[in-house]
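Undergrad: all I have is the shape, not the residue letters:
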């Protein structure tokens, strides 16, 4: 019996180019103890704060207004991690928290999460990673055309800002970087490439990224770095982890 | 003379798919690495206990039998999970029991009568090099040892101090149709209220497009209320994602760490091992978890 190819979300860099849709769905509040209901929740509670949804017995999904809040909660939970929390997974509008439900009742974790400060992470916090880039990617000209800028100007703007790793996904060590120049916001390619080389520096919508290894991908390729993004034989395997600050430096 | 101080096992035939698995690599999801590990952890743990190993030792996960291996040293081995006819150099052996094999002996697995994944534990454990603290093969990320192929030699680890305490473990037979408990949400409000009822009252067939990443299910499509895109969010094993087709995908041990389709419900983690034993063409059912669960 063959084990077929991966299913799920294989074209994540395409699929994850997130529309800026605000959370408009009627939010379901969390009733942390009761699985045996037809719906996971009914209405948002009177108290303010993020909507917290249950994701199985041992995980909560905290729904936030924007990436700034996601980074704030992720930062707060990383600095002061509640006991029995096993994974903290920031994404575009949510933070997933996987925990040991036998040691920590969901209701108690909900209270704990509601008490967390969602003030933006100070600019200077987080490790700064500098990424040398040779800006000669196959899509540089197209990005210039799409933005109405010169190629030089695209490079200047892309390397002129400090980014932050908002979250990782798609592949081990693939970090979604935010904080780029809004003038460089371009859609993904209509047809994704079957093969994007490892080290490719790319952008799509509000994100920039570096492909850690060769993979398919639909982002626009601006250049390439020689840095190794993913080292599975090291205790810190990812060069970029959520919360890190990133600067691209042009090398010729 | 062997270069491996504790001996080794050589793969003579992998069957449909055989991988090295332990209990996985938790703690790296934020870096894009899923936990992976044995698809049926209780079976892996049992096989390890039967040879006196710590439960976390790596073993071979054989998919739909067909595995053949040869030992270059005397070993104590045990099989658990999907029951298969098995022989050591032609002599029939039983499941769920420690068995001695001599240097040069060959172990051969037939096809399981029911179930899909059988675990071969060897005293000392499979000592393939670990990645991020685990020897598990993650098919989605390409981490860990490559799926086993003919001729691959796997070193064994040092024998543990303790000895197994049982000769045979009583094991309940696999159910013909497993019933998996569901926790509604987190995105059940994206669906027609009838969708969850449909999910809990229909038979779903596990299709051929199923693997360690996920089980693609065939059955009544689940009608959605909200049509817009969902920004990618973190996923857990057991999550039931519903793409626009309405046909659910049950995320399994090698699932992606984020996903962009709404999750209507999550299967209780304790029920995932039985889902791991359903072969393509088999049926699963769902019911809501209750407070007594």
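TA: Arrived safely, thanks for sending. These figures come from a predicted structure and were not determined experimentally.
Undergrad: kindly report the residues of the stretch 51-200 of chain A close to chain B.
TA: A:53-59, A:61, A:86-96, A:98, A:167-174 (C-beta under 8 Å from any C-beta of the partner chain). Every residue, glycine included, has its C-beta placed from N, CA and C.
Undergrad: compute the first-to-last residue distance for stretch B:247-261.
TA: Counting by C-alpha to C-alpha, to the nearest Å, you get 12 Å between the two ends of stretch B:247-261.
Undergrad: so is that stretch next to chain A?
TA: Yes - for stretch B:247-261 and chain A, the contact criterion (C-beta under 8 Å from any C-beta) is met by B:249, B:251, B:254, B:255, B:256, B:257, B:258, B:259, B:260, B:261.
Undergrad: narrow the residues of the stretch 51-200 of chain A next to chain B to just the buried residues.
TA: Buried subset of those (neighbour count, 16 or more other C-beta atoms under 10 Å in any protein chain shown): A:53-59, A:61, A:86-96, A:98, A:167-174.
Undergrad: now the one helix or strand residue A:52 maps to: how far from the chain's centre is it?
TA: Using DSSP states H and E, the element containing residue A:52 is strand A:51-54. What separates the centre of strand A:51-54 from the centre of its chain is 19 Å, taken as C-alpha atoms, centre = their mean, to the nearest Å.
Undergrad: output the contacting helices and strands for it.
TA: Packing partners of strand A:51-54 (3 or more C-beta pairs under 8 Å, 6 or more residues apart in numbering or on different chains; DSSP states H and E): strand A:59-63, helix A:106-114.
Undergrad: least reliable of those by average pLDDT, please.
TA: Confidence, taken as mean pLDDT, is least for helix A:106-114 of the helices and strands packed on strand A:51-54 (a mean of 94).
Undergrad: same for the helix or strand following it, what does it pack against?
TA: Moving toward the C-terminus from helix A:106-114, the next helix or strand (DSSP H and E) is strand A:128-133. Strand A:128-133 is packed against strand A:220-224, strand A:245-250, with contacts defined by 3+ C-beta pairs under 8 Å, 6+ apart.
Undergrad: tell me the angle the first one makes with strand A:245-250.
TA: What it means is strand A:220-224. If you take axes from the mean of the first three to the mean of the last three C-alpha atoms, to 10 degrees, strand A:220-224 sits at 70 degrees to strand A:245-250.
Undergrad: averaged pLDDT, strand A:220-224. What do you get?
TA: 98.
Undergrad: can you show me the helices along the chain?
TA: Since no chain was named, I'll use chain A. Secondary structure of chain A (DSSP state H): helices at A:12-15, A:67-79, A:106-114, A:140-147, A:151-158.
Undergrad: hm, I was asking about chain B
TA: Per DSSP H, chain B carries helices over the ranges B:41-50, B:193-201, B:272-276.
Undergrad: of all those, which one comes closest to chain A?
TA: Nearest to chain A among these is helix B:193-201; the distance by C-beta to the nearest C-beta comes to 6.4 Å.
Undergrad: and the closest one, does that touch chain A?
TA: Yes - for helix B:193-201, a contact with chain A is found by C-beta under 8 Å from any C-beta, at B:193, B:196, B:197.
Undergrad: in TSV: these, plus neighbour count and distance to residue B:16.
TA: Shown next, in TSV, are those (neighbours: other C-beta atoms under 10 Å in any protein chain shown; distance: C-beta to C-beta, whole Å):
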residue	neighbour count	distance to residue B:16
B:193	12	41
B:196	23	34
B:197	12	36
